[in-house]
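S.K.: sequence and predicted structure below; questions after.
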Amino acid sequence: MSEEVSTTTMAWRPRANPWLIALAVMLATFMVILDTSIAVVALPYIAGNLGATQDESTWVLTSYLVANAIILPASTWFSAFFGRKRFLIGCTIIFTLASLLCGLATSMTMLVISRVLQGLGGGAMQPLSQAILLESFPPAKRGAATALFGIAIVVAPILGPTLGGWLTDNWSWRWTFYINLPVGILAFFLMSWLVEDPPYIRNKKPGRIDGIGFGLVALFLGTLQIMLDKGQDADWFSAVWMRWFAVVCGLSLIGFIVRELSAANPLVDLHVFKDRNFTVSCFLFGLFGVMLYALIAIQPLFLQSLLGYSAFDAGLSVSPRGIGAFAALFFVGVLVGRVDSRLLAGLGFAVLGISSFLLCRLSLQMAISNAILPNILAGFATGCLFVPLTTLAVGTLRNEQIGNAMSLQNLIRNTGGSIGLSVVSTLQERFAQVHQSMMVGQLSVLNPQYQKKTNALQHLFEQRFSPADALARAHDLLYRTLLQQSDYWAFMDLFFLLACICAVCVFGILLYEKPRAIHAVAAAE
């Protein structure tokens, strides 16, 4: 295996400086991932400006994620058919023009259609950019290059809510889309100048597209994403349409797997999962996506709903993660060629677990400074995770397998992120209901403490209101306190649950084989 990897790697090198290529593809990926979260805080403004309901405005996010997911598995075939460089540049143009249309939208229908186009253009950019990056560097330097690329993957979701809140408050929600224009234009010129297709891409004959496979995976991902986004609002399987969607989703997944394993020219080569390290990396990347997006979502929600933070201040509270992520990416970029990547990945999951545990120790009397250390640790952990998980995933794969592998890995990470957002939203409400049912029994006239609190509050309110009105206000205040406490403990349970998942992932590192191919090549060079 070592000789095979070495021969394939040394057969081709790009003419341009690989670090400039990394910068070009990183810009495109940063722009795409930023758009998954930048519009979240702007949804109320979008709904108000376009005359839509809050529920209708969520399709701005759902339509983008569905289109993004559907195009991911087909990116390898399209890059072989059109040429990877031409396809990547074409996707960049589509994404940039769709961003302009989003900003110019005059109705919710126009905005959702533009977001679908944006998702179709952006979906393939992540795996293509990552494949180009990994193929442009020799195995010994892929860790440092992946660290640079990790800035786009890790920092973009963190920066999104903060940047989106600032643009919306100071300019307009439309600028959350207009901001893509200069970045897209710069990425277009850099990729046109620097990126080139290696011989095994230029000489590859894609054959006919697997239309059946594409239809099945589109049906699976589309129904899955809609279920995840709308499930909580519909009370999950209590809704008839949710049960039908679940049946269609499951059958289309089974049909897709059977089709891809038996087709002569499959849309996606699932045989890459025979590689143990790649399979383990995909599993851990899925959990990484769950935790990354879950933590980014629930902390601002905790601050907004219980402590009264504004959208911008709540988004700003997660910004220290960027500091930790930058530090980790440089730290890991130096160590990844010298230290076993499995140890670095284990360190990342352990630190992320510690960060989650610290967050579950917060109180309703906290200051914003109390969230700085947990967020720096969370950023450091995500930076430690992205690089080793990527290098372990491709360490025993041939160069020509990387494009297909990156499509699958990005698909699993994005799906994990969607699942994480949906799960924490559902569990937060379920946990709150459990705590409320446990505590509501204390609001009884038979409870001396409750009667004492009620009398004290009634006496306080009687200074301004009638006795009957004062008693009603006292009961109302105590009930709202109950709801606040039940929500608080629900958030603490979520943080603790994420810490437990991180602990399980630390042991998941033991499933890896030592990537001998990478170390052999690195030693030879």
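M.R.: Alright, I've got the coordinates. Numbers count the residues shown, from 1 in each chain.

S.K.: SS state for Asn497?
M.R.: Heads up, residue 497 is Leu, not Asn. helix (DSSP: H, G, I helix; E, B strand; the rest coil).

S.K.: count of residues packed around it?
M.R.: 17 (other Cβ atoms under 10 Å). Quick note: C-beta positions are derived from backbone N, CA and C, even for glycine.

S.K.: which ones are touching the nearest residue to Leu511 once chain neighbours are set aside?
M.R.: Leaving aside its chain neighbours, Leu511 sits nearest to Val280 (4.7 Å; criterion: Cβ to Cβ, 6 or more residues apart in numbering). With contact taken as Cβ atoms under 8 Å, 6 or more residues apart in numbering, Val280 is in contact with Leu392, Gly508, Leu511, Tyr512.

S.K.: what's the spacing between Val280 and Gln118?
M.R.: Applying Cβ to Cβ, to the nearest Å, the value for Val280 to Gln118 is 33 Å.

S.K.: what does Cys360 give?
M.R.: Separation of Cys360 from Gln118 (Cβ to Cβ) stands at 36 Å.

S.K.: following the helix-or-strand element of the chain with minimal mean pLDDT, which helix or strand shows up next?
M.R.: Sorting the helices and strands of the chain by mean pLDDT, DSSP states H and E puts helix 2-10 at the bottom, at a mean of 41. Remark: after helix 2-10, the chain's next helix or strand is helix 18-34, criterion DSSP states H and E.

S.K.: list the buried residues in that next one.
M.R.: 18, 21-34 (16 or more other Cβ atoms under 10 Å).

S.K.: grab the nearest non-local neighbour of Tyr479.
M.R.: Using Cβ to Cβ, 6+ apart, the nearest residue to Tyr479 is Leu443, at 6.9 Å.

S.K.: the one you found: how many residues sit nearby?
M.R.: Leu443: 15 neighbours (other Cβ under 10 Å).

S.K.: quick one, phi/psi of it?
M.R.: With angles defined as degrees, to the nearest 10, Leu443 sits at phi -90, psi 70.

S.K.: now do it against Gln449, distance only.
M.R.: Distance, Leu443 to Gln449, using Cβ to Cβ: 10 Å.

S.K.: hmm, the residue nearest to Tyr479 is touching Leu482, no?
M.R.: Yes. Using Cβ atoms under 8 Å, Leu443 is in contact with Leu482, at 6.4 Å.

S.K.: shared neighbours, the two?
M.R.: Common neighbours of Leu443 and Leu482 are not found (criterion: Cβ under 8 Å, 6+ apart).

S.K.: if we can go back for a sec, tell me which of Cys360 and Gln118 has more neighbours.
M.R.: A direct count of neighbours by other Cβ under 10 Å for Cys360 and Gln118 places Gln118 higher, at 27 against 17.

S.K.: that one: what's it in contact with?
M.R.: Neighbouring residues of Gln118 by Cβ under 8 Å, 6+ apart: Asp35, Tyr64, Ala67, Ile94, Phe95, Ala98, Ser99, Cys102.

S.K.: who touches Ser317 in this structure?
M.R.: Residues near Ser317 by Cβ under 8 Å, 6+ apart: Gln299, Pro300, Leu303, Tyr309, Ile368, Ala371, Asn375.

S.K.: neighbours around the fourth one, how many?
M.R.: By the measure other Cβ under 10 Å, the count of residues near Tyr309 is 18.

S.K.: can you check the first one too?
M.R.: Other residues within reach of Gln299, judged by other Cβ under 10 Å, total 24.

S.K.: these two touch, right, it and Leu359?
M.R.: Yes. Under the criterion of Cβ under 8 Å, Gln299 makes contact with Leu359 at 6.8 Å.

S.K.: what do those two both touch?
M.R.: Joint contacts of Gln299 and Leu359 (Cβ under 8 Å, 6+ apart) are Ala371.

S.K.: need the strands for this structure, in chain order.
M.R.: With DSSP state E as the criterion, the chain has no strands.

S.K.: center of it - which residue?
M.R.: Nearest residue to the geometric centre of the chain (Cα atoms, centre = their mean): Gly417, 4.1 Å.

S.K.: any idea how far the nearest residue to Met26 once chain neighbours are set aside is from Gln126?
M.R.: Spatial nearest neighbour of Met26, chain neighbours left out: Ala152 (4.8 Å); criterion: Cβ to Cβ, 6+ apart. From Ala152 over to Gln126 the distance is 9 Å, taken as Cβ to Cβ.

S.K.: which one of those two has more residues nearby?
M.R.: A count of neighbours by other Cβ under 10 Å puts Gln126 above the other of Ala152 and Gln126, at 27 against 23.
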